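> Following is a predicted model, sequence given first.
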Amino acid sequence: MRGACLGVLLLQATVSACAPSPPPLYVPGPTRSQPEPSPEGLARAGARPVSVVAKRNPESHVVAFRIAFASGSADDPQGKEGLTRLTASTMAEGGTAARSYAELASALYPLAASIRVHVDRDETVFFADVSRDAVQAFYPILAEVLLTPRLDEAGVGRMRSRAQSELADELRGANDEALGKEALASSIYEGHPYGHPPVGTEGGLRASTPADVRSQRARVFCKGRALLGIAGGFPEGFDERFAKDFEALPACPTARAELPTPAAVPSPRVLIVHKETAASTAISIGMPADFTRSSPDFAALTFFTDYLGLHRQSAGRLFHELRERRGLNYGDYAYSEYFEQDEQSRFALPNLVRRQQMVSLWLRPVRPPNAGFALRAALHVYREALEHGVSEEEIVRYRTFLTRYTALEELTETRRLGRAMDDQSYGARGPFLEVLREGWKRLDPASLAAATGAHLGGRSFVIAIVAKDATALAAELASGAPTPPVYDAPKPPEVQAEDMQISRVPLGLSKESVRIVEYTDLFKE
């Protein structure tokens, strides 16, 4: 450790030990480092023709459809949190004007197809993969679902009941990792449209009626917010038919509202969610970002977080220090933007476009006696990399790995299509992975340090922890008392020496900066 000032600032990303925190750089819409979004980007609204991203591959036996809308839970009216997701799920599974839900399911079954939907803060995507031999039979059904949804009382009621179960039984009841992530978002974005989960709140779901759902569909799932995508072995000219048919989407009645600036985080704070978990503690760490993929520094910042902890990979510094050397938990990862895993893959879902982003670290499950130490150790690794940089040798080594590894992200039609649609939404200079690789080629220690210093230096973290003994953990963190790790077997002397230093560094927290909430009280209203 290098001096007392560094210890007090452990929860802050700092390039020099006593550097003052700069004012927040993030502002609604584009930041200083971002260009204005393209007309087809997230600002799209009004009555322009529907845009189509088409990636025809005559050799492919699959056709992938993705219909994205620049609409998400940030568009939920106040007091009706969850309305956008409720609307989207009722569109996908509530039947159409011509078919009941049962008839819709029966029509899709022989085609081995389904129409799924995913709702995030700023984007909703309906998607489906179908055999190219079945595309002519499948497409009219897809068009019915999006253009003439039923949205009746029975469908809305069924999907509302499912959403209420997802909120109470899955998010709060069974998935501590997801609960920690949403608790983190609620703390970072308190009072902001991103501050509630897409599934909604108890009060918001209760208040949303079938009439609200029909109104929301017309307001946010409209032509001016739509971006169509089709890829694979579709017939020549089919994309033109797709675009022409979806001109029938309703016109957008209003332009999209601007997002407010997230509240500044002047000093570290902790939210502990009290829950009688089995035998683990979920830790999520994050802060608002002043950049998105549109930023010229995005490649450098993604390299830095991937170097710290690429998702579900053992190559990162966090994984090496916390799991491999100390056996503290299962996995430790870092992200330059919001991340959600694409089903059973190791990659991010496409079509998670956001106007504002967050940087985050995740520690996956930690035994309760080691929660305080694991938090300190993760932030120690982050701070050391930020303060002392990454060597030329390490940049070359990790760049080689990342360049090869990211090729795996391009293996499916639907993922390639989703990425191309994201490029259009962000007004990207070129294909996402190509832009990253070109940016990584130009990296050296100085340019990486400049990018991380400009965007991460002097920034405080927000921390969310799901824990069974919240009162004791809160007292431990606020007191500044040492948090030595508890191991099942002795560690090498060099690890023990490092642990002694890490466990004693002050966290810079006060009693007032550590808050406890019961898990059942999250997302009530």
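Perfect, thanks for sending it. Numbers count the residues shown, from 1 in each chain.

> For the lengthiest helix in the chain, which residues meet the burial criterion?
The longest helix of the chain (DSSP state H) is helix 371-388. Going by neighbour count (16 or more other Cβ atoms under 10 Å), the buried part of helix 371-388 is 371-383, 385-387. The way it works is simple: take the backbone N, C-alpha and C, and place the C-beta from them, glycine included.

> tell me which of those residues is nearest to residue 483?
Ranked by distance to residue 483 (Cβ to Cβ), the buried residues of helix 371-388 are led by residue 372 at 3.2 Å.

> my read: that closest one touches residue 477, true?
Yes - between residue 372 and residue 477 there is a contact under Cβ atoms under 8 Å: 6.1 Å.

> Can you mark which positions in stretch 443-455 are buried?
Along stretch 443-455, these residues count as buried under the neighbour rule (16+ other Cβ under 10 Å): 443, 448, 449, 451, 452, 453, 454, 455.

> any idea of the mean pLDDT in stretch 472-486?
The average pLDDT for stretch 472-486 rounds to 96.

> Might you calculate how far that stretch sits from the centre of the chain?
Distance of stretch 472-486 from its chain centroid, counting by Cα atoms, centre = their mean, to the nearest Å, is 30 Å.

> Send me that stretch as CSV with only the CA atoms.
Provided in CSV are the C-alpha atoms of stretch 472-486 (Å, rounded to 0.1, in the frame of the first residue of the first chain):
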residue,chain,number,x,y,z
ALA,A,472,-23.4,-7.4,11.4
LEU,A,473,-22.0,-6.9,7.9
ALA,A,474,-23.1,-3.2,7.9
ALA,A,475,-21.4,-2.6,11.3
GLU,A,476,-18.2,-4.4,10.1
LEU,A,477,-18.0,-2.3,6.9
ALA,A,478,-18.8,1.0,8.6
SER,A,479,-16.4,0.5,11.5
GLY,A,480,-13.4,0.2,9.3
ALA,A,481,-12.3,-2.9,11.3
PRO,A,482,-10.0,-5.3,9.5
THR,A,483,-11.7,-8.1,7.6
PRO,A,484,-9.2,-11.0,7.4
PRO,A,485,-10.2,-13.9,5.1
VAL,A,486,-11.2,-17.3,6.4
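
> circling back: identify the contacts common to residue 372 and residue 477.
Counting by Cβ atoms under 8 Å, 6 or more residues apart in numbering, residue 372 and residue 477 have no contacts in common.

> Please enumerate the strands of the stretch 351-500 of the chain.
For the stretch 351-500 of the chain, the strands defined by DSSP state E, counting those that start in this stretch cover 358-366, 459-460, 462-467.

> looking at the ones you listed, which is buried most?
strand 462-467 (a mean of 27; mean count of other Cβ atoms under 10 Å).

> Helices along the stretch 301-450 of the chain, start to end?
317-318, 371-388, 392-405, 413-426, 432-441, 445-456 (DSSP state H, counting those that start in this stretch).

> Switch these over to TSV; also include mean pLDDT and distance to residue 87.
Output for the helices of the stretch 301-450 of the chain, formatted as TSV (pLDDT from 0 to 100; distance: least, Cβ to Cβ, whole Å):
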stretch	mean pLDDT	distance to residue 87
helix 317-318	97	39
helix 371-388	96	38
helix 392-405	96	37
helix 413-426	95	21
helix 432-441	96	29
helix 445-456	98	35
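
> For residue 481, which of those helices is the nearest?
Taking those one by one with Cβ to Cβ, helix 371-388 is closest: 8.5 Å.

> what's the angle from that closest one to helix 392-405?
Here the directions of helix 371-388 and helix 392-405 differ by 110 degrees (axes from the mean of the first three to the mean of the last three Cα atoms, to 10 degrees).

> pLDDT weak spots in the protein?
The chain contains residues with pLDDT under 70 at 1-48.

> Show me the strands in it, by range?
Taking DSSP state E, the strands of the chain run over residues 12-13, 51-56, 62-69, 116-119, 124-131, 226-232, 269-274, 281-288, 332-335, 358-366, 459-460, 462-467, 514-518.

> Quick check: the most centrally placed residue in the chain vs residue 236, distance?
Nearest residue to the geometric centre of the chain (Cα atoms, centre = their mean): residue 338, 2.8 Å. Distance of residue 338 to residue 236, computed by Cβ to Cβ, to the nearest Å: 37 Å.

> what's the answer for residue 371, then?
Following Cβ to Cβ, the distance that separates residue 371 from residue 236 is 58 Å.

> before we move on, what about residue 417?
Residue 417 sits 17 Å away from residue 236, taking Cβ to Cβ as the criterion.

> can you check residue 454 too?
Counting by Cβ to Cβ, the gap from residue 454 to residue 236 is 47 Å.

> before we move on, what about residue 456?
Applying Cβ to Cβ to residue 456 and residue 236 gives a distance of 48 Å.

> in stretch 490-507, what counts as buried?
Buried residues in stretch 490-507 (16+ other Cβ under 10 Å): 498, 499, 502, 503, 505, 506, 507.

> Which of those fall within helices?
Within the buried residues of stretch 490-507, residues falling in helices by DSSP H are 498, 499, 502, 503.

> rewinding a little: can you put the strands of the stretch 351-500 of the chain in a markdown table and add distance to residue 183?
Shown next, in a markdown table, are those (distance: least, Cβ to Cβ, whole Å):
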| stretch | distance to residue 183 |
| --- | --- |
| strand 358-366 | 12 |
| strand 459-460 | 17 |
| strand 462-467 | 4 |
